[in-house]
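1. for reference, the sequence and a predicted model appear below.
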Amino acid sequence: MNGIVNILKPTGMTSHDVVGMLRKITGIKKIGHTGTLDPNAAGVLPVCIGRATRICEFIQDKKKKYRAELTLGIKTDTYDSFGAVLERISDFEMPSEDDILRTIESFRGEQLQQPPIYSALKVNGKKLYELARAGKSDVEIKSRRIFIHDIKVVRIKGNSVLFDVECSKGTYIRSICNDIGDKLGLCAYMSFLLRMSSGEFNLENSYTLEEFEEALRLDGARGILLPTDFALREYKQVEIYESAMKSFLNGAYVYGKGFAAEDDIEEGELVRVYSQGIFYGIGRGCLEEDQLCIKCYKLLV
C-alpha cells in the first residue's frame, strides 16, 4: 500500500498516536505524518503510507489554515487549556471590537515568534516540554521567523475571540493567542484549535480513523487513499520519453529532446516526472552546457 490518507484527527490523540493506529490497522510500519498537531487540537492530518513517506517533507512545508479561539483573562504555562494557570484576571474591561480587530490584524505578515516551552522543539538534544517538566523553565528559547498569510476575526463572544489564520509551517497558534493577549494589555490562552487545511488537504476530503478502517475492509480504501502525486499538484508536469528513462533513473541529465514539459521550466524548479502514464517522482530543472535539463531529485517508485 502506497499513498496518502487525510486523517481527521480527534482531540485527545497525539499525531504519533494516529500513526500508531494506522500501523495497527494496515499492518504497515512505513507510515509517517506530515506535521505535528497538538493533542488538544482536532483537524486535518495528512499521513503518508509506504513509498509516499518520501514526500512528507514536501507536505510539511506547505501553508496551514486554522480556526482558533482565544480566551482573555487567563494565562497558562502551556498557552492552552491543558496547562497550569499562571495568571487569572477576574475583573477586567473587555477591549473594544476595533482594538481587538486592529491587534489581531497586526499579526499579518512576517513575524518573529517565540515558541511555547511546552513544545516538541529541541534544545541541546532535549525536547522543550521535557525540560519544562523537569523544572528547567529558564532555558533560552530562540525566536523563529514565521509568516502569517492571513488572519481575521470570525466572532467575538464574551471574553473569547474566534479567528481564522493561514500561516507558514512551524507557526504555533498557542503563541499567537498568548501574544495577542499580551498586546491587548491582558493575558490569554488558546481554548480551541481546529486545523482546517494543510496544503491541498482540507476538512472536506478528510476521514476519521474508523472511516479509513472500514474503507480498508470493504475495498482496500481505494476511495480514500490518495496517490502520492496528489500532494504535488502545484509542481509542473514533465513527461520523460521512454528512450530517456534509463538516464533519469540512473541520475543522469535528461536533455531537451528526452522530455516534454507542460510549461517552461526554470533552473532549480522542482517538477512532477511521469513516463507512459506512470508517476516516477520529483525532478529538478538544471542548466548543463547552457541547456535546460531534468535530473532526478527524489525517486518515488
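-> It's in.

2. and the longest strand anywhere in the chain, how far from the chain's centre?
-> In the chain, assigned by DSSP state E, the strand with the most residues is strand 144-157. Remark: strand 144-157 is offset 16 Å from the chain centroid, using CA atoms, centre = their mean, to the nearest Å.

3. what of stretch 89-102?
-> 31 Å.

4. buried ones in it?
-> Residues of stretch 89-102 classed as buried: 95, 100-101 (neighbour count, 16 or more other CB atoms under 10 Å). Placement of C-beta: from N, CA and C, glycine included.

5. could I get these as CSV with secondary structure?
-> Converted to CSV, the buried residues of stretch 89-102 look like this (DSSP: H, G, I helix; E, B strand; the rest coil):
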residue, secondary structure
P95, coil
I100, helix
L101, helix
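
6. before we move on, the earlier item: sheet partners, orientation included, of the longest strand of the chain?
-> strand 109-113 (antiparallel), strand 160-167 (antiparallel) (DSSP bridges).

7. neighbouring contacts of it?
-> 63, 67, 97, 100-101, 104-105, 107-115, 161-168, 170-171, 176 (CB atoms under 8 Å, 6 or more residues apart in numbering).

8. of all the buried residues of stretch 89-102, which comes closest to G199?
-> Taking CB to CB as the measure, G199 lies nearest L101 of the buried residues of stretch 89-102, at 28.4 Å.

9. which non-adjacent residue is nearest that closest one?
-> V153 (5.7 Å; CB to CB, 6 or more residues apart in numbering).

10. flag every buried residue along the longest strand of the chain.
-> 144, 146, 148, 151, 156.

11. average pLDDT across it?
-> For strand 144-157, mean pLDDT rounds to 97.

12. over to stretch 176-185?
-> Across stretch 176-185, the average pLDDT comes to 97.

13. what about the helices in the chain?
-> 15-26, 56-60, 97-105, 128-133, 173-183, 209-219, 245-249 (DSSP state H).

14. and those helices: which comes nearest S197?
-> Closest among the helices of the chain, using CB to CB: helix 56-60, at 11.5 Å.

15. tell me what that closest one is packed against?
-> strand 42-49 (3 or more CB pairs under 8 Å, 6 or more residues apart in numbering; DSSP states H and E).

16. tell me the angle of the strand it packs on relative to helix 209-219?
-> 40 degrees (axes from the mean of the first three to the mean of the last three CA atoms, to 10 degrees).

17. adjacent strands (with direction) for strand 42-49?
-> Strand 42-49 is paired, per DSSP bridges, with strand 3-9 (antiparallel), strand 31-33 (antiparallel), strand 188-198 (parallel).

18. send over that strand as CSV, restricted to the C-alpha atoms.
-> Output in CSV follows, covering the C-alpha atoms of strand 42-49 (Å, rounded to 0.1, in the frame of the first residue of the first chain):
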residue,chain,number,x,y,z
ALA,A,42,-8.5,18.4,16.0
GLY,A,43,-8.4,18.5,12.3
VAL,A,44,-6.5,17.7,9.1
LEU,A,45,-3.5,15.4,9.5
PRO,A,46,-2.2,14.1,6.2
VAL,A,47,-0.4,10.7,6.7
CYS,A,48,1.9,9.1,4.2
ILE,A,49,2.0,5.3,3.7
